[in-house]
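J.: Take this sequence and fold it.
(one chain, ligands or ions: 1)
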Amino acid sequence: MSVIEVSELRKSYGGRAVVDGVSFAVEEGEIFGILGPNGAGKTTTVECVEGLRVPDAGRVRVAGLDPVADHEAVTRVLGAQLQESEIQPKLTVRETLELYAAFYPNPADWRPLAERLNLSGKLGTRFARLSGGQKQRLFIALALIGNPRVVVLDELTTGLDPRARRDTWELIEDVRAGGVTVLLVTHFMEEAQRLCDRIAVIDRGRVAALDTPAGLIRRSAGATVISFTSSAPLDDSELAALPGVTSVEHKDGRITLAGTDETVNAVITLLARSRVTAHQLRVTDATLDDAFLDLTAGAAR
Ligand SMILES: Nc1ncnc2c1ncn2[C@@H]1O[C@H](COP(=O)(O)OP(=O)(O)OP(=O)(O)O)[C@@H](O)[C@H]1O
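T.: Down below sits the predicted model:
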């Protein structure tokens, strides 16, 4: 069953459509990513899911509920990440957890939650004195304190160092292992590739693609790049005719082909058949970065 359903969502500011017919569905238990360039409409979309903004048109459902009309009920199934400005800097971690737990009818016990998020040693520390990573862990704890079915995390790891970012990824995987569905807004390709089951790439208010990370990479123009120098000249037209080849390039004595997995075998067979030896043969796979740039190419124009 879909926990979140967004269909033909539209939202304009001052006559400018920033969300322009966005549709997707998030299944129970998945980590669903929303990826897109700056200003693509990601936050506006998830804020409509959270019931913080009222859509101009379209339909949004969270566990079958309308986030605007049934806002109270939605806050009991959906945990949203708070912004730094919403937390009292002078409250300690313990006081913050107790305060937010009191807002919910069936809150999680904050002690094991703090334990799981490695905050037990910081319970007496004021919010203002926490490090960036500790604050992020507290934000995750607060998003989970109401025992939600689904949690929305927006740019959770921005500003964290690589170690803290990796720790946060493990936490997000733990959250999902605990049965919570995760809607994740991110700028980081590596993060999306590592964590997400499926990703909606949003570009200029529209869904440019919706697929698994591997599926998005396969759509990239040159999913696999094969390059080598050869002991004897090879016929370009023969290379271009190999299965899956999208481009053939010669530079500084190197031949570079963009293609698919199938192309790799075909190149090897051709080399053997032509009795040509390849030196410095390199095969590299496209990354989600490449796919993202291909899918959102228009945004950079
Ligand atoms: N309340 C508002 N009034 C007017 N314009 C707004 C408002 N909120 C957002 N916008 C504009 O809508 C566009 C989409 O914003 P949104 O925050 O949804 O994008 P985003 O994809 O989350 O971007 P980023 O990655 O930079 O956070 C931006 O151009 C933004 O300036």
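J.: switch to C-alpha atoms for all contacts and neighbour counts from now on
T.: Noted.
J.: Please save the CA atoms from stretch 119-131 in PDB.
T.: Provided in PDB are the C-alpha atoms of stretch 119-131 (Å, rounded to 0.1, in the frame of the first residue of the first chain):
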ATOM      1  CA  LEU A 119      22.600  11.000  22.600                       C
ATOM      2  CA  SER A 120      22.500   9.400  26.000                       C
ATOM      3  CA  GLY A 121      25.800  11.100  27.000                       C
ATOM      4  CA  LYS A 122      24.400  14.500  26.000                       C
ATOM      5  CA  LEU A 123      21.100  14.600  27.800                       C
ATOM      6  CA  GLY A 124      22.200  17.400  30.100                       C
ATOM      7  CA  THR A 125      23.700  19.500  27.300                       C
ATOM      8  CA  ARG A 126      21.900  22.600  26.100                       C
ATOM      9  CA  PHE A 127      20.800  22.500  22.400                       C
ATOM     10  CA  ALA A 128      23.000  25.500  21.600                       C
ATOM     11  CA  ARG A 129      26.100  23.700  22.700                       C
ATOM     12  CA  LEU A 130      25.600  20.600  20.600                       C
ATOM     13  CA  SER A 131      27.800  19.900  17.500                       C
END
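J.: which outside residues touch that stretch?
T.: By CA atoms under 8 Å, 6 or more residues apart in numbering, the surrounding residues in contact with stretch 119-131 are 87-94, 111, 114, 134-135, 137-138.
J.: and the residues you listed, which are buried?
T.: 91-94, 114, 134-135, 137-138 (16 or more other CA atoms under 10 Å).
J.: give me the residue from the stretch 151-300 of the chain nearest the ligand.
T.: Nearest to the ligand, among the residues of the stretch 151-300 of the chain, is residue 187, at 6.9 Å (CA to the nearest ligand atom).
J.: Now do the phi/psi pair for the spatially closest residue to residue 35 that is not a sequence neighbour.
T.: Nearest non-adjacent residue to residue 35, counting by CA to CA, 6 or more residues apart in numbering: residue 201, 4.8 Å away. Taking degrees, to the nearest 10, you get phi -90, psi 120 for the backbone angles of residue 201.
J.: Touching, residue 201 and residue 207? I think so.
T.: Yes. Counting by CA atoms under 8 Å, residue 201 does reach residue 207; the two are 5.7 Å apart.
J.: Can you add pLDDT and secondary structure and give the buried ones among the contacts of stretch 119-131 back as JSON lines?
T.: Listed next are these as JSON lines, based on pLDDT from 0 to 100; DSSP: H, G, I helix; E, B strand; the rest coil:
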{"residue": "91", "pLDDT": "95", "secondary structure": "coil"}
{"residue": "92", "pLDDT": "96", "secondary structure": "strand"}
{"residue": "93", "pLDDT": "96", "secondary structure": "helix"}
{"residue": "94", "pLDDT": "96", "secondary structure": "helix"}
{"residue": "114", "pLDDT": "90", "secondary structure": "helix"}
{"residue": "134", "pLDDT": "89", "secondary structure": "helix"}
{"residue": "135", "pLDDT": "90", "secondary structure": "helix"}
{"residue": "137", "pLDDT": "88", "secondary structure": "helix"}
{"residue": "138", "pLDDT": "92", "secondary structure": "helix"}
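J.: Can you lay out those residues as CSV showing distance to the ligand?
T.: As requested, these are exported to CSV (distance: CA to the nearest ligand atom, whole Å):
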residue, distance to the ligand
91, 28
92, 29
93, 27
94, 30
114, 28
134, 22
135, 19
137, 20
138, 21
